[in-house]
Every structure is written in structure tokens, then in C-alpha cells.
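Q: Return atomic coordinates for the entry below.
(chains A and B)
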Amino acid sequence: MNAPAAPLSEVASSAGEERLAVASQLQLTWWRFRKHRVAVVSGIVVILFYLVAILADFLAVTDPHATDARRSYIPPQAIHWFDADGSFRPHVYALVGKRDPRTFKLTYAPDPNQRRYLELFGRGYAYSFLGLFETDRHLLGVRDGRPEDGLFLLGTDQLGRDVWSRLMWGTRTSLFIGLVGVGLSLFLGVLLGGVSGLYGGVVDTVIQRLIEILRSVPTIPLWMGLAAALPATWSVTQVYFAITLIISLIGWTELARVVRGRFLSLREEDFVVAAELAGASQMRIIFRHMVPSFLSHIIAAISLALPAMIISETTLSFLGLGLRPPAISWGVLLQDAQNIQSLGIAPWLLIPAIPVITVILAFNFLGDGLRDAADPYG
Amino acid sequence: MAAYLARRLLLALITIWAISVVTFVIIQLPPGDFVDAYIANLSASGSMVSAQEAQALRQLYGLDQPIWVQYLKWAGRVVQGDFGMSMEWGRPVTEVLGDRLWLTVLISLLAILVTWGLALPIGIYSAVRQYSIADYLFTLVGFIGIAVPSFLLALIIMYFGFTLFDANIGGLFSKEFELAPWSWAKVRDMLGHLPIPVLILALAGTAQLIRVMRANLLDELRKPYVVTARARGLPERRVILKYPVRAALNPFASTIGYLFPFVVSGSIVISLVMSLPTVGPLLLRALVAQDMFLAGTIILLLGVLTVLGTLISDLLLMWIDPRVRSGIQG
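A: Numbering: from 1, shown residues only, chains lettered A, B, ... in the order given. Next up is the predicted model:
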């Protein structure tokens, strides 16, 4: 019984080997990456975060900029899933504000007799969906009412703005500032690292010393100095791009190091020499032969550079030197939780810390998995 | 070895020069020259400055001359230890800085010592006992150390200190010592306040170094010479500590240079959250108030101290790594 099975499996394995032999570098990387469970899960988490960033308007409940002094410091609401008769009708209790007779502080208490029923795709403030069409439909709404009057899943801040809606918007800003920043860093890193690795000699020495100098300077004081110099009259968009530029001007060194290392080791490879002897142009050698074989390394380096960018932006904005209100980012949100006094009054203002930590962890695991997978022969 | 030393010194000098240029640019960045700011500041407090006085000030700082002359004048004064006046405080910058610079250095140095003290043994343990429960635990803690920005960690710890123990963890001194002159009692009081900020500051760097040390040592442990040593009957402790650990230390030591700027950066942010009397809060305040001589001086001094720290760690590296000493490229 076993005898005829042996040649069959041999055929199968040689087919597998053939599949391995003809697979491109990216394909090999992908096969290897799939085996790394934590990294795959982290990759899905990262994708979900970017979905939130894209759909921020749709996921927000109320206008994140709308202030209302009467709604200041409302604690997070619990969602009750079942109605009194046991049917599935998610609702929140309406909030009744009471003034403390001694401190005159307004405190809110849920009133179990007044229920506000949640509905999917309810009406809220008007916005432009992905810039395609105007709508006022949001993922969550309150049946027969405005969400502004009673739906604060994560509470409100001092000015009465809904923390949940602001968190959605902050996710959009912080994640995209990471992408734009990495884009700029990548451009600088690939350009300077590539030139450094390809040509060597004096150019290489100068660029390497430049990297050493940049890496030996403490970045945060430098960023603070540059960021503080941005004119106060600049618009939100101008500040956004200036901050991104400042962060990526210092952040490109690690990417340059990876690219240079790859170029240096690939330059001596047989297939590059062969391409050279066959008369391929320099451009063709670089983009057709060299870049594809270290693309996976670059992807891994990017996924490790992104969280660093996000931390930088969050830290700067937290200090009040990065993005400034009315811009909303994770750092701007955490600025409200800056001192122990406001945390004592409203501990829920620290909630934005959870997505920050989650996405940075996810990026790190993803980057680790990609880095391991980038050497499929190893 | 002399060539290596000379190369390092030259690079340090160039770096310090580059930092001074950047600092000068930062001082110059706010719109208008600083005499305008100074006058605006004075008239806000009620006193008037005549046009002649303003002109005299402009001449003193060479504001009517080309930018590179201004830089040279400024750099010349800085070299002599004159960092200019703090606009906001109305006193020389050096006076405003006071002990704050040394407290920053103290906290950073302690954090680096803690980082090494923790990362080295944990890294060795994690590599030798790869995939043990403790290894997974340290890896997890390491990832958290990398993923949680230091200011968030400080915030969270302060919040729990406040809610669980009703203790305000911020600050470096108890109330009664805050303004008191230095005494043994004050030093003891400070030592009691130091551990939490130092540990928070050390965690992120420790997490990274553990991973570097673990990876390096794992590579070394797989090499045949380790098997040989074991086969010849060396005690396990000696097999590991004598050869592979020493070999694994080299790349470890070269990351130390990057640890220094990292820790100094972190100390600024943590000081702000925990209101430590270092240069951190002073820098933020100076930047917001556009007190540019004070801000510039802090950035410059932090940069120079970091470069010196990196230089010292490079010399240490030379001392422990014979390959660097003899000029062989690893």
C-alpha cells in the first residue's frame, strides 16, 4: 500500500519545490508571513484602524467640533442591550443634570425611566461621505431624536464635545500624519540611502556622517524648537504639513540605513553583475533587479517607522507644540488629560491612550513579522 | 586607535557645530528680531524704550549686520559662557537654568545605568532560557515598553498613584524642600522621589536593549565554539558568560550611543508630565513665550551634553572591543 504512495508524494513535493523556485521574492515573503499568526492578526488590526480613519465621519455620532457648555464632563454611558420585556432593543438612559448644592458642580446621572433607543444608520450632522456625496446618515443614531441630546458613548470633555466622535477624527489625523510622514521619510531615505549605497566613496562618507550627526542629537528638544517657530497665524492644514515635514526630516535615517545596507550587499550579487554584463542600463538594474529583491525589507522598515511617526506627532501635540485645536489628533485629545486635576474630574479623557497603544503594538508586531518574512531563504 | 579617536573627536566637533547652527536658526525663526520682542515685552510691563536705546541694543547684538556675522558674534559670546538674557525672567540665562541642567543630566544618567542594569541580565536570561515563561513575560513587557510612549506611561502611573494610593507622584522634592538651599536632608528627599521617574524613563530603552541583547546572544549561542566549550566540560555558567556574552556585547555596546539622545529626549517629556524641576518645563515655557535665548541655550546645551555622552560611550566601546581598538572593521 505504501509503495505506490512514495513516488506520488515525491511528485507533489517536487511540484512544491518548483512552485518555490519560480515564486517571486514578494510571493515568498507573503507565504512566510502568513505563518506568523501574531503578525497576521496585527496586520488585520492595522487595516481596521485605517478603515476607522477613512470612515471617521460615518462612525462619529455628533459633530466633533460642536461645543455646548451644558454638556460639560458627562461620564461615558453604558449601552443596555435588552429592553424591560427582554427584547433586543439597545438603548442608553437619558442623562439628568443636577447641580451639587455645595460645590455648584453640574453632575449627570442616568435616568432609567427615560430611554433613548439606538438605531443603525441614524441621522446626525451633515457631512460629505468620502468626498463623494452629502449625507447625514451615521453608523449610530438615536431614534426620534438628535444624538446631540443624549448619546455620549465615551463621555464629553470640558467644552461638552463628544469624546467618541473626537476619537474617530483623531484616529484619522494621527494615522494619516504617520502615512504622509513615512512617505516623506521614505523618499529621503531611499534617495540618500540609495545614492550612498550605489556610489560609495566620498558621497557615502558624507551621507553616513550626516546620519550619525542626526542620530546623536536629542530629537524632542529640536522638534519642540522647530515646531514652536511655526507662525500662530498658519491654518490647520499648513501646520499639519509643517509638523509632518519636521518629524520626517529627522526620521529618514533608519530607512536610509536599511536601503544602503541592501544596495551594498546586492551590488556584488551574481545576478546584478550578470545584468550589468548583459548591457542593462543602470536604471533597469536598479528598478528591475535590485529594488524587487529588497522591497520586502523596505516594507518591514516602513511598518516599524510608522509607529515612531505616530508617537512623535502624539508627543508633540500633547505638549501643545504640534497640531493645535481646532485640529483633532490623538495628541490633541490627550492634552486634555495632561494634568492630574482634570484626570481626577474626568478619567475618561485618558481613553484615547488605548487606541494609541493598540495601534503602536500592532504595527510593531506586524513589522517584526514582516522583517522575519523579508528573508524567506533564511 | 589614534585614528579612530581623532575621527570620533572630529565628528563630535562637527556635530556640536551643526547643533549650534540649528540653535541659532531656531533663535532667529520667530518673526521680527528679538529686540522687537524685547521692546514689546518691556512696553507690556509699562516701561518705554526710546529709539536710541533700541538702536544701541541692535548694535550690541549686531542685528544690523549680515546673518553670518550675527552667528559669529553669538557663538563667540556662547563660547565665553555668555548665553544672553532671558526675556521673560529678566535675568541672565545661566542664572535661570540654575540646577535644572544638572538635575536633567542626573536623571538621564541614572536612567541609562538602570537601563543597562536591567537589560543586560534580562537579555542574557531570555536568550539562555529561550521560549521559557519568563522569556515570554519579558518579551511582553518589552513590547509594552516600546509601544507605550513615555509621556503616556507617566500619565497612567500618576493617575493610578492618585486614585489607588492617593499620592501625588509628581515633582522631585517634597513641598518643604522645593525652594530650600541644598542640604543632606534635601538630597535624601530627592533620592526618595527619583525612582519612579527614572524607572519610567528607563523602561523604553530597556525594552529595546533586551531585544538587541537577546537576538545577539541567540546568534552566538548557535555557533560551534559554544558546543566545543561545552563538550570540553566547561561549567555552563562559564560557557555562556566567558565567550558568547562577550561577543554579543559588541553590537550591544554600539547601540549605547543612540541610547543617550533617546533618554535625554524622553526626560524632557516626562519632566513636563510629572513636573520635575529639570530643563523640560523651562524649555516648553520659553518656547511658548518665545523667550528664544533661553530656549536656544537649553537646546544647545542638551545637544552638546548628549554629544559628549555619546563620545564617552564610544570610548568605552573602544575599551571593551579589541577590534575597534586595533582599527579592524568588524
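Q: State the helix or strand in which the residue of the stretch 51-200 of chain A at minimum distance from chain B lies.
A: When scored by C-beta to the nearest C-beta, the stretch 51-200 of chain A has A:S174 as its residue closest to chain B, at 11.9 Å. Backbone N, C-alpha and C define where each C-beta goes, glycine included. In this structure, A:S174 sits in helix A:163-199 according to DSSP states H and E.
Q: Likewise for A:E134?
A: Element membership for A:E134 (DSSP H and E) is strand A:133-142.
Q: near chain B, which residues of the stretch 101-250 of chain A show up?
A: For the stretch 101-250 of chain A, the residues found near chain B under the criterion C-beta under 8 Å from any C-beta of the partner chain are A:209, A:212-213, A:215-222, A:224-226, A:228-229, A:231.
Q: that older thread, quick check, pLDDT for the residue of the stretch 51-200 of chain A closest to chain B.
A: You'll see A:S174 listed with a pLDDT of 90.
Q: now B:L13
A: Predicted confidence (pLDDT) for B:L13: 89.
Q: what residue lies at the spatial centre of chain B?
A: Centroid check for chain B by C-alpha atoms, centre = their mean gives B:V264 as the closest residue, at 1.7 Å.
Q: For A:F365, see how far away the residue of the stretch 51-200 of chain A closest to chain B is.
A: Here A:S174 is placed at a distance of 19 Å from A:F365 (C-beta to C-beta, to the nearest Å).
Q: which of the two has more neighbours?
A: Each of A:S174 and A:F365 has its neighbours counted (other C-beta atoms under 10 Å in any protein chain shown); A:S174 has more, 28 against 22.
Q: mind listing what the more buried one touches?
A: A:310, A:313-314, A:329-331, A:356 (C-beta atoms under 8 Å, 6 or more residues apart in numbering or on different chains).
Q: out of these, which are buried?
A: A:310, A:313-314, A:329-331, A:356 (16 or more other C-beta atoms under 10 Å in any protein chain shown).
Q: Also near chain B: which of those, exactly?
A: A:314, A:356.
Q: In JSON lines: the buried ones among the contacts of A:S174, plus distance to A:I247, pLDDT and secondary structure.
A: Below are the buried ones among the contacts of A:S174 laid out as JSON lines (distance: C-beta to C-beta, whole Å; pLDDT from 0 to 100; DSSP: H, G, I helix; E, B strand; the rest coil):
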{"residue": "A:I310", "distance to A:I247": "10", "pLDDT": "89", "secondary structure": "helix"}
{"residue": "A:E313", "distance to A:I247": "6", "pLDDT": "88", "secondary structure": "helix"}
{"residue": "A:T314", "distance to A:I247": "11", "pLDDT": "90", "secondary structure": "helix"}
{"residue": "A:S329", "distance to A:I247": "12", "pLDDT": "90", "secondary structure": "coil"}
{"residue": "A:W330", "distance to A:I247": "14", "pLDDT": "91", "secondary structure": "helix"}
{"residue": "A:G331", "distance to A:I247": "12", "pLDDT": "89", "secondary structure": "helix"}
{"residue": "A:V356", "distance to A:I247": "16", "pLDDT": "91", "secondary structure": "helix"}
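Q: Closest to B:A229 out of the buried ones among the contacts of A:S174?
A: Among the buried ones among the contacts of A:S174, A:I310 lies closest to B:A229 (C-beta to C-beta), at 45.2 Å.
Q: Which strands or helices does the helix or strand in which A:W30 is found pack on?
A: A:W30 is part of helix A:25-34, with elements assigned from DSSP H and E. In terms of contacts (3 or more C-beta pairs under 8 Å, 6 or more residues apart in numbering or on different chains; DSSP states H and E), helix A:25-34 is packed against helix A:37-54, helix A:291-318, helix A:353-373.
Q: ok so, going back, centre of the chain versus the strand holding A:E134, how much separation?
A: Offset of strand A:133-142 from its chain centre (C-alpha atoms, centre = their mean, to the nearest Å): 24 Å.
Q: Relative to it, what are the paired strands and their orientations?
A: strand A:106-129 (antiparallel) (DSSP bridges).
Q: Tell me where chain B has strands.
A: B:85-86, B:91-92 (DSSP state E).
Q: strands paired with the last one, and their directions?
A: Sheet pairing here is set by DSSP bridges, and for strand B:91-92 it gives strand B:85-86 (antiparallel).
Q: Show me the contact partners of the partner strand.
A: Contacts of strand B:85-86 with the rest of the structure, by C-beta under 8 Å, 6+ apart, involve B:91-93, B:96, B:286, B:291, B:293-294.
Q: circling back to that earlier point, ok, which of the strands of chain B comes nearest A:I298?
A: Judging the strands of chain B by C-beta to C-beta, what sits closest to A:I298 is strand B:85-86, at 46.0 Å.
Q: returning to that earlier point: what angle sits between the helix holding A:S174 and strand A:133-142?
A: 130 degrees (axes from the mean of the first three to the mean of the last three C-alpha atoms, to 10 degrees).
Q: mind listing what's buried in the next helix or strand after helix A:163-199?
A: Next helix or strand after helix A:163-199 toward the C-terminus (DSSP H and E): helix A:201-215. Residues of helix A:201-215 classed as buried by neighbour count (16+ other C-beta under 10 Å): A:204, A:207-208, A:210-215.
Q: contacts for stretch B:138-148?
A: Applying C-beta under 8 Å, 6+ apart, the set of residues contacting stretch B:138-148 is A:307, A:357, A:360-361, A:364-365, B:122, B:125-126, B:156, B:203-204, B:206-208, B:210-211.
Q: what residues are up against the closest residue in space to A:G194 that isn't next to it in sequence?
A: Nearest non-adjacent residue to A:G194, counting by C-beta to C-beta, 6 or more residues apart in numbering or on different chains: A:V259, 5.5 Å away. Neighbour list for A:V259: A:189-190, A:193-194, A:197, A:294, A:298 [criterion: C-beta under 8 Å, 6+ apart].
Q: ok, 10 Å please
A: Going by C-beta atoms under 10 Å, 6 or more residues apart in numbering or on different chains, A:V259 touches A:186, A:189-198, A:252, A:291, A:294, A:297-298, A:301.
Q: Help me confirm that B:E220 comes into contact with B:I240.
A: Yes: in this structure B:E220 lies within contact range of B:I240 using C-beta atoms under 10 Å: 9.3 Å.
Q: For the two, list the residues in contact with both.
A: B:127, B:226, B:248.
Q: Adding distance to chain A, neighbour count and pLDDT, write those residues out as TSV.
A: Below are the shared contacts of B:E220 and B:I240 laid out as TSV (distance: C-beta to the nearest C-beta, whole Å; neighbours: other C-beta atoms under 10 Å in any protein chain shown; pLDDT from 0 to 100):
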residue	distance to chain A	neighbour count	pLDDT
B:A127	17	23	89
B:V226	20	17	89
B:A248	19	24	82
